[in-house]
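**Q** Have a look at this prediction, sequence included:
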Amino acid sequence: MEKLLTVAVPAYNAETYLKTNLDSLCRNAFLERIEVIVIDDGSSDRTGVIADAYATRFPDTVKVVHKENGGHGSGVNTGMDLASGHYFKVVDADDWVDENAFSNLLDYLEVQCRNKKSGSDAVVSGFYWVYDDGTGQIEGFRRKAEIKEPFHGVKYGKRYRFDDVSSRIYMKMHGLTIKTELLKTHRDRIRLDEHCYYVDAEYIMYPIPYIETVSFIPDFVYQYRLGREGQSVSPEKMMKNQENYDRVLRSLFRFYESCQTGKIACTREKLRYIEGIIARIAAGQVKIILSFPASAANKNQLKQSECRLRKNYPGIYRANRNWGVRALRLSSYGLYGLASRMVRRKAKR
């Protein structure tokens, strides 16, 4: 039986969290409709053992790949290569899905698959930030929806032309489900950097030129765990991995150049969307620089980075919507010291 959805679970030293992830996916109501591919990315703990146990228990649903460590991007790449479901979604090993919301997503994907030609290339669902309080009782964790609705006036279940709504949406990895055929057809273009953090930005960007249609459902499917030690989105981790962040940004710039020059066919609306998303990533780079102690050298690094962006990628520079970056620019970076203190104070809370 063909599977409706492939869920890729990149996993590295995730023994503490993997059972929660797989228990949320391996429910009786889901087993016949999904394929779960756990990518054990060179773990040194019991991640691989736990994954193998689920594969033994659910042999028609769970597959396990044991590989040398290549980072999150390598895990996602492997999942895309092996996926056989009609649609593809990534659920990181330390996260999980809500049972009712996931069931609704599967029902909607089933409708899309009844007519492959009319099915949406991408389906966007909601997700919660879930704040891990250390108790292990996930039902009691505080939840927050970063985006309560995709855009004002959205009609859930309607198939939109991507270009018609591109100026009003921001599709994040946790809410994104994509046609597997699209990913495989453009496999050479949709490859994430390996041995690198922050490749989520690449995953949400590289398919954009090929997405013609998108639809939205109101359900908050993905439960994104925050607060665990060593998380890549923590300020300390971002400072430590500034080189990784810069590497991803450079990859996105090359992708943008390919879209600009026509090497990758891209409509004007999609190009504007891409500029807006890369502008968000560039604003993150500014925040990382501000996270370091204020100094003349760091201020100069910030100014040089902004100058290069304005000179080389004016479309991305103008697409910035971050008020903090706007304030810095309007002050000719005279607010650098104050901005650095504010960012560092907030990170300590």
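**A** Thanks, I have the structure now.
**Q** for residue 74, what are its contacts?
**A** Counting by Cβ atoms under 8 Å, 6 or more residues apart in numbering, residue 74 makes contact with 10, 39, 41, 67, 192, 194, 195. All C-beta atoms are positioned from the backbone trio N, CA, C, and that covers glycine.
**Q** Compute the first-to-last residue distance for stretch 164-184.
**A** 25 Å (Cα to Cα, to the nearest Å).
**Q** how about that stretch: buried residues?
**A** Buried residues in stretch 164-184, counting neighbours by 16 or more other Cβ atoms under 10 Å, are found at 165-166, 169-180, 182-183.
**Q** Filter those down to just the ones in helices.
**A** Residues of the buried residues of stretch 164-184 located in helices (DSSP state H): 165, 180, 182, 183.
**Q** so which of the residues you listed comes closest to residue 90?
**A** Using Cβ to Cβ, residue 183 comes nearest to residue 90 of these, at 11.0 Å.
**Q** Distance of that closest one relative to residue 192?
**A** Distance, residue 183 to residue 192, using Cβ to Cβ, to the nearest Å: 11 Å.
**Q** do the same with residue 253
**A** Distance from residue 253 to residue 192, by Cβ to Cβ: 16 Å.
**Q** which strand is the longest one in the protein?
**A** When the chain is parsed with DSSP state E, its longest strand is strand 213-226.
**Q** list the helices and strands that strand packs on?
**A** Here strand 213-226 touches strand 96-97, helix 99-113, strand 122-131, strand 160-161, helix 162-165, going by 3 or more Cβ pairs under 8 Å, 6 or more residues apart in numbering; DSSP states H and E.
**Q** Switch these over to CSV; also include distance to residue 21.
**A** CSV is the format used below for these (distance: least, Cβ to Cβ, whole Å):
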stretch, distance to residue 21
strand 96-97, 5
helix 99-113, 12
strand 122-131, 13
strand 160-161, 31
helix 162-165, 30
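**Q** most tightly surrounded among those?
**A** strand 96-97 (a mean of 24; mean count of other Cβ atoms under 10 Å).
**Q** just checking, what packs against it?
**A** When contacts are defined as 3+ Cβ pairs under 8 Å, 6+ apart, strand 96-97 sits against helix 18-25, strand 213-226.
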